[in-house]
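Visitor: need coordinates for the below:
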Amino acid sequence: MPNIKLFAGNSHPDLGKRISDRLGISLGRVVLKKFANQETCVEIGESVRGEDVYILQSGCGDINDNLMELLIMINACKIASAERVTAVIPCYPYARQDKKDKVKSRAPISAKLVANMLSVAGADHIITMDLHASQIQGFFDIPVDNLYAEPAVLQYIEDNIPDWRKAIIVSPDAGGAKRVTAIADRLNVGFALIHKERQKANEVARMVLVGDVKDTTAILVDDMADTCGTVCTAAEKLIEAGAAQIYAIMTHGVLSGPALQRLENSPIESVVVTNTIPQEDKMKSCSKISVIDISAILAEAIRRTHNGESVSYLFRNVPL
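Guide: Below is the predicted model of the structure:
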């Protein structure tokens, strides 16, 4: 493809390599380093004048450093006369800080702040995946393509879960009801919902199951797994309700703090996450983790965006 450059930051070099291989182009040369005082330094190693530039950086690991690295890379390309700069952010940073609530009336809306920073840095377009809250797209005054892992999840369920036709798709909280019903409708199976009450962040006080999972395979589906307190408590609730087997499928496997130990000790058969966040080290520490590769979806979104084609095909289909 002519007039296209793909750069990858430090957050997820493996995903950058997979996408570049899929597109049949080489990753752009860029030097990313820190000065002694921990300031981030970016040196773009080739001309981007008049080019359609894509910069891959996921919101994981050292999130603040990686976010700053992304902002500087965007700005460096923009002031080097790039025609268009697209930030490819598989996991959007600060996505859970998307609103105020009654309990925290003075809380920041950090997802909006990140949107402002990306726009001011010079981004012309954003490509991301499974935003925690879809209204984040409205925080931007530039185009945002929010891709979905759902087609890849459906393919995984059909290929890897025995008797999936008799399964029940379960949302571990009320906020994921829409996501779960969409998957259940596509598979033509039933669904259930777990209502949870939190006393404070990352700590669930009580859970109530709505639906019948007795003697079925229960598939927990969510957009993000952080400390995994919710999903592990939900799994125990499903076992109490008579579920025969439990699988968990989450788009963004943050898996921080005690998450890996909790998953190992939980009744969950398999924990399936995508590679929007690097998972190699976590797979070594937890035998239950499996990974869905979403590089094909991101690569096809980049190709279609570059060629001026619609990306809505990717909302329901996995590229061949």
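Visitor: tell me the helix or strand right after the longest helix seen in the chain.
Guide: If each helix of the chain is counted by residues according to DSSP state H, the longest one is helix 63-79. Using DSSP states H and E, the helix or strand that follows helix 63-79 in sequence is strand 84-89.
Visitor: so, low pLDDT: which residues of the stretch 201-320 of the chain?
Guide: 201-205 (pLDDT under 70).
Visitor: would you map the helices across the stretch 1-150 of the chain?
Guide: Remark: helices assigned in the stretch 1-150 of the chain by DSSP state H, counting those that start in this stretch are 13-23, 63-79, 110-121, 150-160.
Visitor: now the longest helix of the chain: how far from the chain's centre is it?
Guide: Once both centres are worked out by C-alpha atoms, centre = their mean, to the nearest Å, helix 63-79 turns out to sit 19 Å from its chain's centre.
Visitor: that helix - what's its average pLDDT?
Guide: In this model, helix 63-79 has a mean pLDDT of 97.
Visitor: can you add distance to residue 307 and mean neighbour count and give the helices of the stretch 1-150 of the chain back as JSON lines?
Guide: Where C-beta positions appear, they are placed from N, C-alpha and C, glycine not excepted. Formatted as JSON lines, the entries for the helices of the stretch 1-150 of the chain read as follows, by distance: least, C-beta to C-beta, whole Å; neighbours: other C-beta atoms under 10 Å:
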{"stretch": "helix 13-23", "distance to residue 307": "11", "mean neighbour count": "19"}
{"stretch": "helix 63-79", "distance to residue 307": "20", "mean neighbour count": "20"}
{"stretch": "helix 110-121", "distance to residue 307": "23", "mean neighbour count": "17"}
{"stretch": "helix 150-160", "distance to residue 307": "20", "mean neighbour count": "17"}
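Visitor: show me how this structure divides into domains.
Guide: The chain breaks down by automatic domain parsing into domains covering 4-148+295-315, 150-292.
Visitor: helices or strands up against the longest helix of the chain?
Guide: Here helix 63-79 touches strand 40-44, strand 52-56, strand 84-89, helix 110-121, going by 3 or more C-beta pairs under 8 Å, 6 or more residues apart in numbering; DSSP states H and E.
Visitor: next, format those as TSV and append distance to residue 66 and mean pLDDT.
Guide: Shown next, in TSV, are the helices and strands packed on helix 63-79 (distance: least, C-beta to C-beta, whole Å; pLDDT from 0 to 100):
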stretch	distance to residue 66	mean pLDDT
strand 40-44	9	95
strand 52-56	11	98
strand 84-89	10	98
helix 110-121	12	98
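Visitor: quick check: which of those is nearest to residue 253?
Guide: Taking C-beta to C-beta, strand 84-89 is the member of these nearest to residue 253, at 16.1 Å.
Visitor: ok, residue 270 - contacts?
Guide: Residues in contact with residue 270 (C-beta atoms under 8 Å, 6 or more residues apart in numbering) are 247-248, 288, 290.
Visitor: ditto for residue 44
Guide: With contacts taken as C-beta under 8 Å, 6+ apart, residue 44 has the following neighbours: 7, 28-30, 73, 76-77, 80.
Visitor: please produce a markdown table containing these, extended by distance to residue 215.
Guide: What follows is the contacts of residue 44, written out as a markdown table (distance: C-beta to C-beta, whole Å):
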| residue | distance to residue 215 |
| --- | --- |
| 7 | 51 |
| 28 | 54 |
| 29 | 57 |
| 30 | 54 |
| 73 | 52 |
| 76 | 58 |
| 77 | 56 |
| 80 | 61 |
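Visitor: quick check, nearest of the residues you listed to residue 127?
Guide: Checking those one by one against residue 127 (C-beta to C-beta), the nearest turns out to be residue 7, at 13.8 Å.
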